[in-house]
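Student: sharing a model that was predicted from the sequence below.
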Amino acid sequence: MGQKQILTRTQIAKMSGHENTHFLNPRAKRVTKPLGDLGGLQHLGFHLTTLPVGSVASEFHRHVCAEECVYIIAGNGTARIGPDMFEVEAGDFIAYPADGEAHDLRNTGSSPMTCIVVGQRLDCDVVDYPEQNKRLYRYAGKAGDLVDIAAVSHPIMADARR
């Protein structure tokens, strides 16, 4: 098990990575190396991610239950958190607390942006995509449920008040 838990920089450099496009945003293109998966992590996503010039990492979103963070290794870009835009560059750290504001990360620089992206892998999570008016209910090992946020209701249940 020890060898699987250690990935050398030579092994990582030789990995081609997986090209991904976010299902709600065709401009959200990235190449990821799932280092956590390869090392046997099950409850923490740890990815070495490269964003091509002009790309965004994902659709503008927020996690209700899970935390995420990004450490920028190379390049620069713009982090959007709620209504605010922040210029970011190599060496910067971005924290996205659970139930925080929606966010995305864009490579607005002239070279690829390389980041470490870390996120919790909870059994259940809720992800809101406010610009799409969509909510995703995610369940470990199962397909998620994507719904219109306007269709979500919050009934008052008599049993819940006891």
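Tutor: Thanks, I have the structure now. Numbering: from 1, shown residues only.
Student: lowest average confidence, helix or strand, in this structure?
Tutor: helix 2-5 (a mean of 70; mean pLDDT, DSSP states H and E).
Student: quick one: list the elements packing against the helix or strand following it.
Tutor: Once helix 2-5 ends, the next helix or strand along the chain (criterion: DSSP states H and E) is helix 9-14. Judged by 3 or more C-beta pairs under 8 Å, 6 or more residues apart in numbering; DSSP states H and E, helix 9-14 is in contact with no other helix or strand. Quick note: C-beta positions are derived from backbone N, CA and C, even for glycine.
Student: distance of residue 55 from residue 49?
Tutor: Residue 55 sits 10 Å away from residue 49 when distances are taken as C-beta to C-beta, to the nearest Å.
Student: any common contacting residues for the two?
Tutor: Residues touching both residue 55 and residue 49 (C-beta atoms under 8 Å, 6 or more residues apart in numbering): residue 30.
Student: near the nearest residue to residue 31 once chain neighbours are set aside, how many other residues are there?
Tutor: The spatially closest residue to residue 31, leaving aside those adjacent along the chain, is residue 17, at 4.1 Å (C-beta to C-beta, 6 or more residues apart in numbering). Per other C-beta atoms under 10 Å, the neighbour tally for residue 17 reads 15.
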